[in-house]
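Trainee: What follows is a predicted structure for the sequence shown.
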Amino acid sequence: MKKIILMVIFILMILNPATIKESIFTSCALWYNTFLVVLFPFFIINDLLITYGVAETLNNIFYKFLAKLFRVSKNTSYIIILSLLSGNSTSARLINQLLSKDSISKKEASYLLTFTCYANPVFIYSILGVYFFQNYTIGIIFLIAHYLSNFIIGIALRPKTNYLSKGTINTDLSFTKSIEKNTKLIIIILGYIIVLNLFKDLLLTFDFFKASYFKFLFYNFEFVSGVKEVASSGLSLKLKVAIASFLIGFGGLSVHVQIYSFIKEKLKYSSYLIARIFQGILSFLIVFIIFNFIYKETVDTLVYQNQFVMAIIVVSLVSISIRFLFTIK
C-alpha cells in the first residue's frame with residue numbers, strides 16, 4: 001500500500017511541476033519568516049540558559065509557585081517558563097534532554113508535554129493577530145485563549161502529589177555545538193513543512209479535495225498557513241478568530257511531526273495528541289466567551305505598525321535580560 005501511495009505521489013509530482021515549484025517556494029518562505037527568524041535564536045538561547053546555570057536560577061525563583069500550581073518537580077520548573085517564551089517544540093526538546101540524563105521520570109515528562117507546548121507569543125501577537133487579522137486586539141485574544149487553555153489542561157491533569165526531582169540539571173553543550181545541533185534541527189523542520197505542504201497542494205490539484213468540507217482538514221496541515229487562509233475567508237470575524245485559535249492550539253501536523261521526532265523513543269505520542277485536541281477545543285470556546293469583551297475595531301494602520309514594533313522591542317528586552325543574567329553569572 002505504501003509503495004502504491006508513493007508511486008502516485010511521484011507521478012503527481014511529474015505531472016504538476018508548477019505546483020511543486022510554488023509549493024516549495026511558499027514553504028521555504030514560511031519556514032524563513034516563522035521558524036528560522038523566530039525560533040532558531042530561541043533554540044540556541046535555551047541551550048545556553050542550561051549550560052550557564054540560568055535554568056537552575058529560574059527553577060529557584062519559580063519552583064514554589066509552579067510546584068503549588070502544577071505539582072511539578074524542581075528540575076522541570078524552567079521548562080514551563082522557557083516554553084512560555086520560546087515556541088513550539090521547545091518543551092519537547094528540553095524534556096527529551098532531561099529524560100536522556102535521567103533527571104525526570106517518564107510520568108512527569110508525559111504530564112509536562114500535555115500543557116507546555118506554546119506557539120511563540122511574539123509570533124502569535126504580531127504575525128497572526130496584527131499582520132494576518134490587521135487588529136492588535138485579536139492578537140491579545142489569541143494569546144489569552146492559547147495560554148489559558150494550556151493552563152486549564154495542566155491544572156486538570158496535575159497529579160495528587162508533587163513529582164520528585166531526580167538528580168540535577170547539567171550539560172556541557174558549547175555554543176558551537178548548540179549551533180550545529182539546532183541548525184540540523186531547523187533544517188529538519190524545513191523538510192517537514194515542505195513535505196506536508198507539498199502533499200496538501202498535490203491533493204488540491206483534484207477538484208474532489210477542493211470541496212469546502214476538506215478545508216478544515218487542510219488548515220491543520222500547517223497552522224500558520226491555515227490561520228492565514230482562515231483570516232482571508234468569508235466567515236464572520238468571531239468565527240474566524242475562534243477557528244484560528246483552534247488551529248494555534250492544535251498546532252498543525254508539521255508541529256506534531258516535530259514533537260513526535262523528539263519523543264517517539266521515550267514517550268507515547270497519543271497523550272500529546274489528545275491534549276492538543278482538547279486545547280484546540282478549549283481555545284475555540286474561550287474565544288467565543290471573551291471576544292466581545294476584548295475585541296476593538298481599529299482602522300488606523302499606524303496602530304498595527306506600532307504594535308509590531310512593540311513586539312520586537314519586547315524580544316530585544318528579553319535578549320538584553322538574558323545577556324545580563326550571563327554577565328552576573
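Mentor: That came through, no problem.

Trainee: which one is Pro121 nearest to, not counting chain neighbours?
Mentor: Leu143 (6.1 Å; Cβ to Cβ, 6 or more residues apart in numbering). Where C-beta positions appear, they are placed from N, C-alpha and C, glycine not excepted.

Trainee: which residues touch Val241?
Mentor: 133, 138, 141-142, 287, 291, 295 (Cβ atoms under 8 Å, 6 or more residues apart in numbering).

Trainee: repeat that with 7 Å
Mentor: 138, 141, 287, 291 (Cβ atoms under 7 Å, 6 or more residues apart in numbering).

Trainee: Report the separation between the residue nearest the centre of the chain and Gly251.
Mentor: The centroid of the chain falls nearest to Asn88 when counting by Cα atoms, centre = their mean (2.5 Å). Distance from Asn88 to Gly251, counting by Cβ to Cβ, to the nearest Å: 6 Å.

Trainee: what sits in contact with each of these two?
Mentor: With Cβ under 7 Å, 6+ apart, Asn88 and Gly251 have common neighbours Cys117.

Trainee: can I assume Ser91 is in contact with Thr76?
Mentor: No. Here Ser91 lies out of contact with Thr76, judged by Cβ atoms under 7 Å, at a distance of 9.6 Å.

Trainee: got any residues that touch both of the two?
Mentor: Leu112.

Trainee: what ranges of the stretch 101-250 of the chain fall below the confidence cut-off?
Mentor: Scanning the stretch 101-250 of the chain for pLDDT under 70 picks out 167-174.

Trainee: residues near Ile61, how many?
Mentor: Using other Cβ atoms under 10 Å, Ile61 has 13 neighbouring residues.

Trainee: ok, the residue nearest to Pro121 to Ile20 distance?
Mentor: In terms of Cβ to Cβ, Leu143 sits 36 Å off from Ile20.

Trainee: between the two, who's got more neighbours?
Mentor: Leu143 (20 against 17).

Trainee: where's that one, which helix or strand?
Mentor: helix 136-157 (DSSP states H and E).

Trainee: other SSEs contacting that helix?
Mentor: helix 106-115, helix 237-250, helix 269-294, helix 301-328 (3 or more Cβ pairs under 7 Å, 6 or more residues apart in numbering; DSSP states H and E).

Trainee: What angle do helix 136-157 and the second one make with each other?
Mentor: Which is helix 237-250. 50 degrees (axes from the mean of the first three to the mean of the last three Cα atoms, to 10 degrees).

Trainee: same question, the first one
Mentor: If you take the same axes, to 10 degrees, helix 106-115 sits at 150 degrees to helix 136-157.

Trainee: Can you name the next helix or strand after helix 106-115?
Mentor: Next along from helix 106-115, by DSSP H and E: helix 121-123.

Trainee: ok so, going back, touching the helix holding Leu143 from outside, list them.
Mentor: 70, 111, 114-115, 118-119, 121, 124-126, 128-130, 241, 245, 248-249, 275, 278-279, 282-283, 286-287, 290-291, 294-296, 303-304, 307.

Trainee: Go again with 8 Å.
Mentor: So helix 136-157 is contacted by 69-70, 84, 111, 114-119, 121, 124-126, 128-130, 133, 241, 244-245, 248-249, 275, 278-280, 282-283, 286-287, 290-291, 294-296, 298, 303-304, 307 (Cβ under 8 Å, 6+ apart).

Trainee: CA atoms only for it, dumped as PDB, please.
Mentor: Only the C-alpha atoms of helix 136-157 are listed here, as PDB (Å, rounded to 0.1, in the frame of the first residue of the first chain):
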ATOM      1  CA  TYR A 136      -3.900  44.100  17.700                       C
ATOM      2  CA  THR A 137      -6.900  43.200  20.000                       C
ATOM      3  CA  ILE A 138      -7.200  39.900  18.100                       C
ATOM      4  CA  GLY A 139      -3.600  39.200  18.900                       C
ATOM      5  CA  ILE A 140      -4.400  39.700  22.600                       C
ATOM      6  CA  ILE A 141      -7.400  37.300  22.200                       C
ATOM      7  CA  PHE A 142      -5.200  34.700  20.600                       C
ATOM      8  CA  LEU A 143      -2.700  34.900  23.500                       C
ATOM      9  CA  ILE A 144      -5.300  34.700  26.200                       C
ATOM     10  CA  ALA A 145      -7.000  31.700  24.600                       C
ATOM     11  CA  HIS A 146      -3.700  29.900  23.900                       C
ATOM     12  CA  TYR A 147      -2.200  30.300  27.400                       C
ATOM     13  CA  LEU A 148      -5.400  29.900  29.300                       C
ATOM     14  CA  SER A 149      -6.300  26.600  27.500                       C
ATOM     15  CA  ASN A 150      -2.900  25.200  28.300                       C
ATOM     16  CA  PHE A 151      -3.100  26.200  32.000                       C
ATOM     17  CA  ILE A 152      -6.600  24.600  32.200                       C
ATOM     18  CA  ILE A 153      -5.200  21.300  30.900                       C
ATOM     19  CA  GLY A 154      -2.200  21.500  33.200                       C
ATOM     20  CA  ILE A 155      -4.400  22.000  36.300                       C
ATOM     21  CA  ALA A 156      -6.900  19.400  35.200                       C
ATOM     22  CA  LEU A 157      -4.300  16.700  34.700                       C
END
